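# make a model of this:
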Amino acid sequence: QLQLVESGGGVVQPGGSLRLSCAASGFTLRDYAMSWFRQAPGKEREGVSCISGGDGSTNYADSVKGRFTISRDNTKNTMYLQMNSLKPEDTAVYYCARRTSYYCSGYDPGLFGSWGQGTQVTVSS
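Residues are numbered from 1 along each chain as shown. Model prediction:
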């Protein structure tokens with residue numbers, strides 16, 4: 001059974017760091033493009049970062065470029081999002097999602113067939 005389970009969220013002060021994990025089961029992570037999305041209260045869900053299948057090419061939203069790093073551990077079938085220099089505007093529920101294809105190409109939620117339950121990240125002093 002296909003499942004995505006996020007963990008690692010929490011409360012952190014501005015400038016702090018968190019690492020989110022997305023444990024996958026029921027499929028092989030490296031065979032699909034995978035993304036992190038986030039949704040803040042009252043806002044639409046937005047794509048944060050994507051890692052392609054195979055060679056693991058990555059891309060990032062402008063708002064997180066240089067601060068967040070997406071990665072994947074094929075031996076653990078787990079994806080990560082290292083978040084540094086966190087800002088209050090990063091506060092949101094973060095979701096991992098599996099794209100229906102191998103390559104990253106935009107963040108249309110309709111192109112992601114499977115989602116985790118989400119993990120809350122709160123950046124506040």
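
# with adjacent residues omitted, what lies nearest to Asp90?
Leaving aside its chain neighbours, Asp90 sits nearest to Val123 (5.2 Å; criterion: CB to CB, 6 or more residues apart in numbering). To be clear about C-beta, it is placed using only N, CA and C from the backbone, and glycine gets the same treatment.

# quick check: beta-bridge partners of that neighbour?
Val12 (DSSP bridges).

# try Phe68
Note on Phe68: beta-bridge partners by DSSP bridges are Met83.

# in contact with it, which residues?
Neighbouring residues of Phe68 by CB atoms under 8 Å, 6 or more residues apart in numbering: 48-49, 60, 81-84.

# so which residue is dead centre in this protein?
The residue at the geometric middle of the chain, judged as the C-alpha nearest the mean C-alpha position with CA atoms, centre = their mean, is Trp36 (2.2 Å).

# so who does that residue touch?
Taking CB under 8 Å, 6+ apart as the definition, contacts of Trp36 comprise 20, 22, 47-50, 70, 79, 81, 94-97.
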